[in-house]
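> Let's see this in three dimensions:
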Amino acid sequence: MKKKGIKAVHEQDLDAFLKSLDLLDVFLNRELRCHFCGANIDRANFRCVFPLDNKVRVCCDSLNCFQKVESLMLNA
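Residues are numbered from 1 along each chain as shown. Purely as a prediction, here's the structure:
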């Protein structure tokens with residue numbers, strides 16, 4: 001069975017993490033959107049990043065959106 005690890009980033013390291021993904025400027029300009037619902041992503045509702053179609057996508061903290069990420073990752 002293939003094992004998957006959970007990777008986490010502390011809130012203090014969020015800017016550096018987003019910079020490493022070339023997403024910091026978009027985030028700081030309030031232009032980063034949830035892949036599923038289109039909600040504007042900020043520090044209060046940032047949930048996760050995930051790969052899809054060779055791109056980095058982001059998800060808000062909506063349970064519905066996060067369940068879609070889980071489903072994608074389980075079926076990958």
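> so residue 14 makes contact with residue 47?
No: judged on CB atoms under 8 Å, residue 14 makes no contact with residue 47 at a distance of 11.9 Å. (Each C-beta comes from the backbone N, C-alpha and C, glycine too.)
> in whichever helix in the chain runs longest, what's buried?
For the chain, the helix that runs over the most residues, judged by DSSP state H, is helix 63-74. Residues 65-66, 68-69, 72 are the ones in helix 63-74 that count as buried (16 or more other CB atoms under 10 Å).
> how about the residue nearest in space to the middle of the chain, phi and psi?
Centroid check for the chain by CA atoms, centre = their mean gives residue 49 as the closest residue, at 2.2 Å. For residue 49, the backbone dihedrals (degrees, to the nearest 10) come out as phi -120, psi 150.
> my guess is it contacts residue 55, does it?
No: between residue 49 and residue 55 there is no contact under CB under 8 Å: 10.3 Å.
> and residue 44, what is it in contact with?
residue 61 (CB atoms under 8 Å, 6 or more residues apart in numbering).
> confidence score at it?
pLDDT recorded at residue 44 is 95.
> Name the SS class of it, please.
What DSSP: H, G, I helix; E, B strand; the rest coil gives for residue 44 is coil.
> Roughly how far does it sit from residue 55?
According to CB to CB, to the nearest Å, residue 44 stands 24 Å off from residue 55.
> my read is residue 57 is in a helix, agree?
No: when classified by three-state DSSP, residue 57 is found to be strand rather than part of a helix.
> what pairs with it across the strands?
Applying DSSP bridges to residue 57 gives these bridge partners: residue 50.
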